[in-house]
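Q: The sequence and its predicted three-dimensional model are supplied below.
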Amino acid sequence: MRNYWRIENKIHYVQDTAWREDANQAYVGNGQHGMAILRILAMGLFRINGIKKIKEATEYIAADRNRTLPLFAT
């Protein structure tokens, strides 16, 4: 049971609060799954680079997309 809540708090809660994944209305095709994979990839890149505040980092990068390049250089 502890492992369930660890996954819930580490992945799903972040996706719901930072990217509002539950409010997404795309239910047709594989688009929803593809976007979820991209969000998990972005979250992994943030965590590898030591970024704890994912929502703030997303907003910072949204202002200038060239800020993503250092994240990929790790």
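A: Arrived safely. Residues are numbered from 1 along each chain as shown.
Q: Pull out the buried positions in whichever helix or strand Met35 is part of.
A: Using DSSP states H and E, Met35 falls within helix 31-48. With burial defined by 16 or more other C-beta atoms under 10 Å, the residues of helix 31-48 counted as buried are Arg39, Ala42, Met43, Phe46. Quick note: C-beta positions are derived from backbone N, CA and C, even for glycine.
Q: Check stretch 47-65 too.
A: Ile54, Ala57, Thr58.
Q: Quick one: end-to-end length of that stretch, please.
A: 18 Å (C-alpha to C-alpha, to the nearest Å).
Q: For Asp64, give me the backbone phi and psi.
A: phi -150, psi 110 (degrees, to the nearest 10).
Q: Please apply the same query to Glu56.
A: phi -70, psi -40.
Q: likewise Gly50?
A: phi 80, psi 20.
Q: Find me whatever residue is spatially closest to Ala42, sequence neighbours aside.
A: Thr58 (7.6 Å; C-beta to C-beta, 6 or more residues apart in numbering).
Q: hang on, Ile54 packs against Phe46?
A: Yes - between Ile54 and Phe46 there is a contact at 5.3 Å, judged by C-beta atoms under 8 Å.
Q: Quick check: of the buried residues of stretch 47-65, which lies closest to Tyr13?
A: Ile54 (10.5 Å; C-beta to C-beta).
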